[in-house]
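Q: have a look; sequence and predicted model below, questions after that.
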Amino acid sequence: MTEKQLSELLQDMTLTEKVEQLVQLNGDFYGGGDFLTGPAAAFHLTDNKAYRLGSILGSDGAARLTKLQDKFMKEQPHHIPALFMADVIHGYKTAFPVPIAMGAGFDPELARETAEAAAKEASAAGIHVTFSPMADLARDSRWGRCMESFGEDSFLNSCMTAATVKGFQGENCKDKGRVASCFKHFAAYGAVQSGRDYNVAELSEKTLFEDYLPSYEAAVDAGAEMAMTAFNTLDRIPCSMHKKLLRNVLRDKMGFEGVLISDYNAIGETIIHGAAEDSRDAAEKAINSGVDIDMMSDCYLDNLEELVTSGEVPESLIDEAVMRVLRLKNKLGLFEAPYKDASEEDEKRLCCCREHMELSRRAAEECIVMLKNNGILPLRAKKAAVIGSLCESRDIVGSWAIFADSSKTVTLRAALEELCPDVEFEFIPQDNPDEKALAAAKKSDAVILALGEDQLGTGESRSCTDISLPEEQKRLFEKIYGVNKNVIALLFGGRPLAIPELAEKAAAILELWLPGTAGCLAAADILSGKVSPSGRLSMSFPYCSGQLPISYSAFNTGRPKDNRVKEFIPFLSNYMDAPNIPLYPFGYGLSYTSFEYSPVALDSDTLTSDSRITASVRVKNTGDRTGKEVVQLYIRDVKGSVVRPLRELKGFKKITLSPGEEQTVSFEITEDMLRFYDINMNFTAEKGSFILYIGGDSTAESSAEFRLV
Ligand code: BGC
């Protein structure tokens with residue numbers, strides 16, 4: 001349809017019809033159960049009205065959605081098709097590693113590929129829009145939704161977010177195998193205080209603009225068709241009624257023209273926050289702030305029409321929102337092809353197909369991070385005990401892999417049995433270090449402990465105050481370690497855990513995250529030595545919960561402490577009972593080979609606003625295996641009109657080197673990379689000295705200085 005035809009359609013719609021386009025309910029309202037006494041009753045809905053709404057959430061399957069679409073188009077007076085939206089976060093039937101793991105892959109192209117595969121499966125299952133990517137920055141692993149974040153760094157987060165949007169949408173979301181992408185949660189949901197989910201976000205305007213907003217903006221720039229508001233308040237205003245944030249920042253400053261949806265009942269919750277009187281007030285505030293679709297509250301449904309007829313909300317506001325919804329339907333091609341790609345045949349062919357399972361495995365290979373290795377890995381043991389309830393669990397895929405086909409999940413046990421045929425394994429799928437477990441450990445050359453969190457231990461609303469290992473796992477580790485020192489700890493989970501005891505005593509630690517449907521095959525490939533680990537931490541691993549939030553991109557205080565000094569020094573900025581630095585820093589990860597960096601070379605030590613500096617290092621594989629290294633560029637602005645972070649990631653390249661091979665890795669430095677919000681909130685670069693670091697993690701020491709003149 002042309003824009004003109006869309007406006008004509010809008011003109012022809014009644015106010016009731018328009019409001020219906022702005023309401024979204026979940027699959028519970030459509031089929032199954034006693035509709036009229038079930039959820040619909042709570043929403044004062046008659047059967048037919050539910051089928052006139054603009055979109056639904058969380059339903060899938062080509063057969064079901066095709067039928068539903070027929071019903072929607074029959075009931076809707078203008079036969080407008082519905083939008084089917086769902087949370088396809090890290091895969092549909094084939095699950096890929098959770099986003100925090102994908103962040104650790106430091107490979108945006110891989111993120112694009114996994115999103116593309118997820119889009120193929122989901123679109124064949126009739127889904128039009130996915131509520132992904134989550135662009136929220138996460139620096140506090142008490143927050144369970146770290147799992148859905150690409151991590152603590154704004155630059156990495158932006159690269160991964162943009163790549164994911166492109167992977168879902170391709171050139172045009174109308175194309176076969178594509179879905180529209182809805183980034184979320186606008187804004188600063190990752191900054192919830194104390195890591196408690198849905199809590200307030202209290203952060204300075206500079207931190208918001210400089211650290212938290214860039215990844216959402218990257219989604220806008222990548223062309224994301226939709227955005228979702230956050231549950232939290234920002235500056236004491238619930239994000240779903242934050243006019244300044246949504247209209248001035250998202251629409252005007254970032255130029256977002258797509259559909260803005262609230263999070264689940266977030267408009268309704270503004271009443272509980274104490275920022276709206278009742279559902280009518282909430283609806284008025286949300287529509288005024290520019291929220292187009294109300295997800296799962298009755299605020300728009302019950303009040304928008306009345307608010308317009310009473311003159312409190314101009315109809316033009318409703319028209320604006322409806323027009324955006326119609327445009328999205330049109331962009332997806334739904335007016336011509338209302339089922340889009342829904343096809344039972346394609347669904348069968350694509351879901352968990354060989355190609356996607358291989359991608360799931362390959363993605364996990366890139367994301368698994370080796371945190372420690374005293375040489376025990378690759379595994380040479382002839383006999384190994386594998387202990388821990390997670391070793392046979394299928395709940396290792398991720399809490400948002402809600403559609404994943406768990407029958408296809410490869411357990412750690414299955415992967416080890418398949419890929420390490422020369423090792424005699426004894427599997428003891430329990431966390432209890434009973435006699436059987438200890439006896440098995442005693443008689444083995446090495447013990448593989450499957451530790452950490454399963455997929456229900458992390459994710460939405462899974463916040464915790466203590467991110468150390470559960471007591472029973474600590475006990476398991478100590479007991480086993482007591483009889484066999486060759487303990488290889490495999491950590492599952494969606495957040496950095498505090499693991500000082502493992503760091504001190506375990507022979508090796510591999511962070512597997514929640515690696516996806518075929519992810520354990522990658523774990524086995526790494527254990528056996530077929531693949532050298534190449535993931536690098538996307539979030540710092542603290543010593544203890546008390547260090548949170550923590551990020552490498554911190555500031556000096558007026559009383560900084562030299563990180564090399566171990567003991568507590570009164571009246572310096574330090575803790576009495578823990579160091580300032582994390583146990584494992586951002587960007588960190590080991591390999592089976594070793595890399596050597598030359599000093600950093602700059603082709604000039606002076607930068608102007610229209611010149612560039614090339615910074616280079618030579619990286620050499622000094623080990624005897626092929627391996628991948630993530631070469632990372634950090635910059636420090638030595639002095640600013642406001643204090644500046646000690647370093648900021650400004651570039652990275654993942655390279656593969658065979659034994660003895662050397663490669664020059666270069667980064668171009670331009671003035672725009674040095675911009676920040678100055679003392680007057682202008683986004684600008686200030687003249688002066690900068691230090692540039694290149695190396696294998698955020699503590700890289702090889703540096704060079706230049707000046708911006
Ligand atoms: C989550 C969103 C999600 C939505 C719809 C909410 O609880 O915060 O991330 O997209 O539910 O399922």
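A: Sure thing, it's come through. Residues are numbered from 1 along each chain as shown.
Q: make it CA atoms for all contacts and neighbour counts henceforth
A: OK.
Q: quick one: secondary structure of the residue in the stretch 351-500 of the chain positioned nearest to the ligand?
A: Residue nearest to the ligand within the stretch 351-500 of the chain: Glu460 (6.9 Å; C-alpha to the nearest ligand atom). Under DSSP: H, G, I helix; E, B strand; the rest coil, Glu460 falls in the coil class.
Q: could you do Arg636 as well?
A: Arg636 is classified as strand under three-state DSSP.
Q: contact partners for it?
A: Arg636 makes contact with Arg644, Pro645, Leu646, Arg647, Glu648, Phe690, Ile691, Leu692, according to C-alpha atoms under 8 Å, 6 or more residues apart in numbering.
Q: closest to the ligand out of those?
A: For these, the nearest to the ligand is Glu648 (27.9 Å; C-alpha to the nearest ligand atom).
Q: ramachandran angles for that closest one?
A: phi -140, psi 140 (degrees, to the nearest 10).
Q: residue ranges in the stretch 101-250 of the chain under the pLDDT threshold?
A: Counting by pLDDT under 70, the stretch 101-250 of the chain shows no low-confidence range.
Q: need the residues of it near the ligand, please.
A: Residues of the stretch 101-250 of the chain that fall close to the ligand, judged by C-alpha under 6 Å from any ligand atom: Phe131.
Q: pick out the residue of the stretch 101-250 of the chain closest to the ligand.
A: With C-alpha to the nearest ligand atom, the shortest gap between the stretch 101-250 of the chain and the ligand falls at Phe131, namely 5.0 Å.
Q: quick one on the thing from earlier: got a winner among the contacts of Arg636 for most neighbours?
A: Of all the contacts of Arg636, the highest neighbour tally under other C-alpha atoms under 10 Å goes to Leu692, namely 25 neighbours.
Q: can you confirm that one is in a strand?
A: Yes - counting by three-state DSSP, Leu692 is found in a strand.
Q: next, the contact list for it, please.
A: So Leu692 contacts Leu633, Tyr634, Ile635, Arg636, Ser703, Ala704, Glu705, Phe706 (C-alpha under 8 Å, 6+ apart).
Q: check which residues of stretch 340-360 are buried.
A: 340-344, 346-347, 350-352, 356-360 (16 or more other C-alpha atoms under 10 Å).
Q: of all these, which two lie farthest apart?
A: The most widely separated members of the buried residues of stretch 340-360 are Lys340 and Glu358, with 26.7 Å between them, by C-alpha to C-alpha.
Q: contacts only, for Met134.
A: Counted by C-alpha under 8 Å, 6+ apart, Met134 has contacts Glu148, Ser149, Thr161, Phe183, Lys184, His185.
Q: ok, those residues vs Ile448, which is closest?
A: Proximity of the contacts of Met134 to Ile448 (C-alpha to C-alpha) peaks at Glu148, which lies at 27.1 Å.
Q: tell me who's in contact with the closest one.
A: Ile89, Val98, Pro99, Ile100, Met134, Gly459, Gly494.
Q: could you export these as a markdown table, including secondary structure?
A: A markdown table is the format used below for the contacts of Glu148 (three-state DSSP):
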| residue | secondary structure |
| --- | --- |
| Ile89 | coil |
| Val98 | coil |
| Pro99 | helix |
| Ile100 | helix |
| Met134 | strand |
| Gly459 | coil |
| Gly494 | coil |
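Q: quick one: which of those residues is most hemmed in?
A: Gly494 (36 neighbours).
Q: tell me, how many residues neighbour the nearest residue to Asp60 once chain neighbours are set aside?
A: By the measure of C-alpha to C-alpha, 6 or more residues apart in numbering, the closest residue to Asp60 outside its immediate chain neighbours is Ala125, 5.9 Å from it. Using other C-alpha under 10 Å, Ala125 has 31 other residues around it.
Q: give the contact list for Ala125.
A: Contacts of Ala125 by C-alpha under 8 Å, 6+ apart are Asp60, Gly61, Ala62, Ala63, Leu65, Asp341, Ala342, Ser343, Glu344, Glu347.
Q: between the residues you listed, which is closest to Gly660?
A: Closest to Gly660, out of all of the contacts of Ala125 and judged by C-alpha to C-alpha, is Glu347, at 46.1 Å.
Q: let's have the contacts of Glu148 in JSON lines, adding distance to Ile272.
A: What follows is these, written out as JSON lines (distance: C-alpha to C-alpha, whole Å):
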{"residue": "Ile89", "distance to Ile272": "28"}
{"residue": "Val98", "distance to Ile272": "32"}
{"residue": "Pro99", "distance to Ile272": "31"}
{"residue": "Ile100", "distance to Ile272": "31"}
{"residue": "Met134", "distance to Ile272": "25"}
{"residue": "Gly459", "distance to Ile272": "23"}
{"residue": "Gly494", "distance to Ile272": "30"}
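Q: Cys173 versus the residue nearest to Asp60, what's the distance?
A: Between Ala125 and Cys173 the computed distance is 15 Å (C-alpha to C-alpha, to the nearest Å).
Q: centre-most residue in this protein?
A: Closest to where the C-alpha atoms of the chain average out (C-alpha atoms, centre = their mean) is Ser149, at 2.6 Å.
Q: hmm, that one is touching Pro99, no?
A: Yes - counting by C-alpha atoms under 8 Å, Pro99 is a contact partner of Ser149 at 5.5 Å.
Q: any idea how many residues pack against Asp603?
A: Neighbour tally, Asp603, other C-alpha under 10 Å: 10.
Q: look up the closest residue to it, ignoring the ones flanking it.
A: Thr614 is the one closest to Asp603 (C-alpha to C-alpha, 6+ apart), at 5.6 Å.
Q: the one you found: neighbouring residues, count only.
A: For Thr614, using other C-alpha under 10 Å, the count is 15.
Q: check the secondary structure at it for me.
A: Secondary structure for Thr614, judged by three-state DSSP, is strand.
Q: what about it, distance to Ser666?
A: Going from Thr614 to Ser666 by C-alpha to C-alpha gives 6 Å.
Q: on that earlier part again, dump the contacts of Ala125 into JSON lines; add pLDDT and secondary structure as well.
A: Listed next are the contacts of Ala125 as JSON lines, based on pLDDT from 0 to 100; DSSP: H, G, I helix; E, B strand; the rest coil:
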{"residue": "Asp60", "pLDDT": "95", "secondary structure": "coil"}
{"residue": "Gly61", "pLDDT": "97", "secondary structure": "coil"}
{"residue": "Ala62", "pLDDT": "98", "secondary structure": "helix"}
{"residue": "Ala63", "pLDDT": "97", "secondary structure": "helix"}
{"residue": "Leu65", "pLDDT": "96", "secondary structure": "helix"}
{"residue": "Asp341", "pLDDT": "98", "secondary structure": "coil"}
{"residue": "Ala342", "pLDDT": "98", "secondary structure": "coil"}
{"residue": "Ser343", "pLDDT": "98", "secondary structure": "coil"}
{"residue": "Glu344", "pLDDT": "98", "secondary structure": "helix"}
{"residue": "Glu347", "pLDDT": "98", "secondary structure": "helix"}
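Q: give me the neighbour count for the spatially closest residue to Ala321 that is not a sequence neighbour.
A: Closest residue to Ala321 apart from its sequence neighbours, by C-alpha to C-alpha, 6+ apart: Asp292 at 4.8 Å. As a burial measure, Asp292 scores 29 neighbours (other C-alpha under 10 Å).
Q: and Asp292, what is it in contact with?
A: Contacts for Asp292 (C-alpha under 8 Å, 6+ apart) come out as Leu22, Val259, Leu260, Ile261, Ser262, Ala321, Val322, Arg324, Val325.
Q: just the pLDDT at it, thanks.
A: For Asp292, the model assigns a pLDDT of 98.
Q: swap in Asp47?
A: 70.
Q: run a quick neighbour tally on the closest residue to the ligand within the stretch 501-650 of the chain.
A: For the stretch 501-650 of the chain and the ligand, the shortest gap (C-alpha to the nearest ligand atom) falls at Leu514, measuring 17.9 Å. If you count neighbours by other C-alpha under 10 Å, Leu514 ends up with 33.
Q: pretty sure it contacts Pro99?
A: No - assessed by C-alpha under 8 Å, Leu514 is found out of contact with Pro99, at 9.3 Å.
Q: sounds good, over and out.
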